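# just the structure for this:
(chains A, B and C)
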Amino acid sequence: MTTVDVAAWLDKVRRERPLVHNITNLVVTNVAANGLLAIGASPVMAYAKQEVADMARIAGALALNMGTLDEDVVEAMRIAGQAANAAGVPVVFDPVGVGATPYRNEVAERLTGELQLAILRGNAGEIGVLLGAGGEVKGVDSQGAASGLPEAMRRYASAHGCCVIATGPTDYVTDGERVWALSNGHPLMAAITGSGCVATAILGAFAAAAGRGQDAAAYAEAAVAALTCYNVAGELAADKAQGPGTFQAALFDALYHLDGAYVSEVAKIEVLPA
Amino acid sequence: MTTVDVAAWLDKVRRERPLVHNITNLVVTNVAANGLLAIGASPVMAYAKQEVADMARIAGALALNMGTLDEDVVEAMRIAGQAANAAGVPVVFDPVGVGATPYRNEVAERLTGELQLAILRGNAGEIGVLLGAGGEVKGVDSQGAASGLPEAMRRYASAHGCCVIATGPTDYVTDGERVWALSNGHPLMAAITGSGCVATAILGAFAAAAGRGQDAAAYAEAAVAALTCYNVAGELAADKAQGPGTFQAALFDALYHLDGAYVSEVAKIEVLPA
Amino acid sequence: MTTVDVAAWLDKVRRERPLVHNITNLVVTNVAANGLLAIGASPVMAYAKQEVADMARIAGALALNMGTLDEDVVEAMRIAGQAANAAGVPVVFDPVGVGATPYRNEVAERLTGELQLAILRGNAGEIGVLLGAGGEVKGVDSQGAASGLPEAMRRYASAHGCCVIATGPTDYVTDGERVWALSNGHPLMAAITGSGCVATAILGAFAAAAGRGQDAAAYAEAAVAALTCYNVAGELAADKAQGPGTFQAALFDALYHLDGAYVSEVAKIEVLPA
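Sure, this is the predicted structure:
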């Protein structure tokens, strides 16, 4: 039995059509926007220092992704993040490729130090590196997780008052108390670029549906719903696909037509024993 | 009966294969280029201050889109726009997200003030805001148009000597005298990101086919043809699609195979009474 | 009879899953990453001056593409290229649009002058312009090659100790001694944007499989294998496609499922007489 009503969360996103402000990388701008449109949210990409604070304040959520960072983008993330924090707008942060270069490590530390995150999401290698729990990163690909990762995530989440997520064949989500293990999804999701980045954007949409100024528990429940919806869409898309190219198109189709009752029925959500 | 020979315009674009210089946003660079290739034009994206004037001068049209603006991009737009103006190269401007932040309002005013546009195109919310006619924008999505929008557009077009376009379920096009209402298209066009931005790029291709140094009447007729072609391609693509992902792919297929005679046959072009 | 074992090269790429560091243009970041994933490599895009040297040093190859250049990107290419050179990491350079503006000419000369390239790849117009052998470029599209291009390429490759490639309906590859003519492929490859840029990225993957510090002969053989794989994937994709949109998706599917034995069987690789 799951305590997260996935269908109700999906329905709330579609009814509210939240504006998600993305400061994301150059590889995934298009697919992140299309993923948000397909699930029923309203995406906006804005990077200029002159406007990111204004945009973050009117958004339902702010999604930051450092996949192709430079100093201007990092500064825009900081400005937007502080405006979002001041307004209670939930901030989702994706430390893409942390562990690959000293600069990425430094930026990830700077942003996690300066901003109050609602959700921190990376692949298992990235989260392991960022939390000092082990794990390895090659470029932007995870090379495997540390064995004690879920417990290290729980401790970090508890200390920082945010939801922490490591995605992979199994996704782990924690609010600092509970740890969920989510096992829907399909291997083709790792065969297209930006699969994790689209997850980050969609986490923004569900965090927006949770509302402003919520606690880690609420954002974690929204995250469990978001990832389960996304992963089930991946399963449905894989049924239609002949490879990663047709899978990408089918994934947007599946998100667009996703039926909440069906997702609830096939959801594989487990709460790990404390 | 329509006075715009859509098939002849499409044929002219394909025969001349005009070079369209795009300074566009980070979300749609790929789809704008693919849309131009599919309709039979030759796209180039160039942003560096060192080359935008040279590129704009050799282009058939310059398409400016402020979807993900920053000061460097705005300065490049200004330089390219002035070079295009000096050479008579038609300039198409898409004020994406105007109304969402003060910075976007300021940039849109600056560019419309400094450049002579051939075509100004936005969604109904954006055009309403920019013309001071009402309308609302959330992020980059229109939240509905003002009731008197077509007449406000006609007055603005007449005062500024350019073609003004507001797209939506019905597209309005005016040269300051006539106002056309175009009602081809399909709702799935609003379910993919960059649908309007691709329209802007394709408007550039048709404006290039109209030629350099033409008046608003000529560019408006090119625009009626461009939007009708694009909207009919959207209808054809929707027939093949299972959702927004397969629709995106089918849209490029449809543009590539578009038959001018068929478009003329199914075109829904109406001239509004003055 | 071919001296290049295409199937063995493809197998080596898939076994080693090399990290390819791309500094590429804003139009093709997504498709370049997806092309690399589909063929079995690991893509990373990194642009910040603070990290490009670190990233290039740990990569199997560095792929530079000046499609949407500006001074920051050019400086990042120079830093990354010098780090790659120092570590023996093969550098692939794609002078997109050289010949279209003086700035592009200047940058292409600067980078080819300062860096030791493993592979220089462009379309026939670009390579003709860059080598001073004639040829014409409109925006970023080749307008036809000079008649003596393969011989001019051979001389340049010999003088500079690198592999030179001009792609088109026939691809020419030379190591300064031998000149190969490759004639697989399909016209739809020219109907999507970034087809050449994806080729450049995939050349990076195969150059990485050749290894660090190799000579032009080894990189040229890797290149013959890379382009033949890519072109045969294009043929397979065209069989499934209804136009350029579905072709793009089918191309990733075909790269993902590509069978080395089949590629070897249908390969059209010819060594031109000296």
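# from here on, just use CA atoms for contacts and neighbour counts.
OK.
# doesn't residue A:147 belong to a strand?
No: Residue A:147 is assigned coil when assessed by DSSP: H, G, I helix; E, B strand; the rest coil, not a strand.
# and it, how many residues sit next to it?
12 (other C-alpha atoms under 10 Å in any protein chain shown).
# show me where the stretch 51-200 of chain A has helices.
Listed in chain order, the helices of the stretch 51-200 of chain A (DSSP state H, counting those that start in this stretch) span A:52-58, A:71-87, A:102-114, A:124-130, A:149-160, A:195-210.
# of all those helices, which one is nearest chain C?
helix A:102-114 (5.7 Å; C-alpha to the nearest C-alpha).
# circling back: dump the helices of the stretch 51-200 of chain A to a markdown table, plus mean neighbour count, mean pLDDT and distance to residue C:164.
Below are the helices of the stretch 51-200 of chain A laid out as a markdown table (neighbours: other C-alpha atoms under 10 Å in any protein chain shown; pLDDT from 0 to 100; distance: least, C-alpha to C-alpha, whole Å):
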| stretch | mean neighbour count | mean pLDDT | distance to residue C:164 |
| --- | --- | --- | --- |
| helix A:52-58 | 24 | 97 | 44 |
| helix A:71-87 | 21 | 97 | 35 |
| helix A:102-114 | 16 | 97 | 34 |
| helix A:124-130 | 27 | 95 | 38 |
| helix A:149-160 | 20 | 97 | 47 |
| helix A:195-210 | 28 | 98 | 35 |
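# may I see those arranged in JSON lines, with distance to chain B as well?
JSON lines is the format used below for the helices of the stretch 51-200 of chain A (distance: least, C-alpha to the nearest C-alpha, whole Å):
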{"stretch": "helix A:52-58", "distance to chain B": "6"}
{"stretch": "helix A:71-87", "distance to chain B": "10"}
{"stretch": "helix A:102-114", "distance to chain B": "21"}
{"stretch": "helix A:124-130", "distance to chain B": "25"}
{"stretch": "helix A:149-160", "distance to chain B": "30"}
{"stretch": "helix A:195-210", "distance to chain B": "13"}
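# need the ones you listed in CSV (columns: distance to residue B:136).
Below are these laid out as CSV (distance: least, C-alpha to C-alpha, whole Å):
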stretch, distance to residue B:136
helix A:52-58, 14
helix A:71-87, 22
helix A:102-114, 33
helix A:124-130, 40
helix A:149-160, 38
helix A:195-210, 21
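# mind checking which of those helices is nearest residue C:175?
With C-alpha to C-alpha as the measure, helix A:102-114 is the member of the helices of the stretch 51-200 of chain A nearest residue C:175 (36.8 Å).
# in CSV, list the C-alpha atoms belonging to that closest one.
Taking Å, rounded to 0.1, in the frame of the first residue of the first chain, the C-alpha atoms of helix A:102-114 are listed here in CSV:
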residue,chain,number,x,y,z
PRO,A,102,36.8,20.6,-9.7
TYR,A,103,34.7,23.5,-11.1
ARG,A,104,31.5,21.5,-11.0
ASN,A,105,32.3,20.4,-7.5
GLU,A,106,32.9,24.0,-6.5
VAL,A,107,29.7,25.3,-8.1
ALA,A,108,27.6,22.5,-6.6
GLU,A,109,28.9,23.3,-3.2
ARG,A,110,28.4,27.0,-3.6
LEU,A,111,24.7,26.6,-4.7
THR,A,112,23.8,24.0,-2.2
GLY,A,113,25.4,26.2,0.5
GLU,A,114,23.7,29.4,-0.5
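# with only the CA atoms kept, save stretch A:19-36 in PDB.
Output of stretch A:19-36 as PDB, limited to C-alpha atoms (Å, rounded to 0.1, in the frame of the first residue of the first chain):
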ATOM      1  CA  LEU A  19       4.700  27.800 -14.500                       C
ATOM      2  CA  VAL A  20       8.100  26.200 -14.000                       C
ATOM      3  CA  HIS A  21      11.000  28.500 -14.400                       C
ATOM      4  CA  ASN A  22      14.000  26.500 -15.800                       C
ATOM      5  CA  ILE A  23      17.700  27.600 -15.800                       C
ATOM      6  CA  THR A  24      18.900  24.500 -17.500                       C
ATOM      7  CA  ASN A  25      21.600  23.200 -19.800                       C
ATOM      8  CA  LEU A  26      22.000  23.800 -23.500                       C
ATOM      9  CA  VAL A  27      21.500  20.100 -24.400                       C
ATOM     10  CA  VAL A  28      18.000  19.700 -22.900                       C
ATOM     11  CA  THR A  29      16.200  23.000 -23.200                       C
ATOM     12  CA  ASN A  30      13.900  21.700 -25.800                       C
ATOM     13  CA  VAL A  31      13.100  18.300 -24.300                       C
ATOM     14  CA  ALA A  32      12.700  19.800 -20.800                       C
ATOM     15  CA  ALA A  33      10.100  22.300 -22.200                       C
ATOM     16  CA  ASN A  34       8.400  19.600 -24.100                       C
ATOM     17  CA  GLY A  35       8.300  17.300 -21.100                       C
ATOM     18  CA  LEU A  36       6.700  20.000 -19.000                       C
END
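# quick one: distance of that stretch to the chain centre.
12 Å (C-alpha atoms, centre = their mean, to the nearest Å).
# who in chain A is up against chain C?
A:26-28, A:67-71, A:100-104, A:138-141, A:191-193, A:242-246, A:248-249 (C-alpha under 8 Å from any C-alpha of the partner chain).
# among those residues, which are in strands?
A:138, A:141 (DSSP state E).
# can you select the buried ones from the residues of chain A next to chain C in ChimeraX?
Selecting the buried subset of the residues of chain A next to chain C in ChimeraX, with 16 or more other C-alpha atoms under 10 Å in any protein chain shown as the burial test, is done by:
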select /A:26,27,28,67,68,69,70,100,101,103,104,138,139,140,141,191,192,193,242,243,244,245,246,248,249
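# of all the helix elements in chain A, which one is longest?
As assigned by DSSP state H, the longest helix anywhere in chain A is helix A:216-240.
# please name every helix or strand in contact with that helix.
helix A:6-16, strand A:119-123, strand A:163-167, strand A:171-174, strand A:179-182, helix A:195-210, helix A:244-257, helix A:260-266 (3 or more C-alpha pairs under 8 Å, 6 or more residues apart in numbering or on different chains; DSSP states H and E).
# in whatever helix or strand comes next after the last one, what's buried?
In the C-terminal direction, the helix or strand that comes right after helix A:260-266 (DSSP states H and E) is strand A:269-271. Counting neighbours by 16+ other C-alpha under 10 Å, one finds that the buried residues in strand A:269-271 are A:269, A:271.
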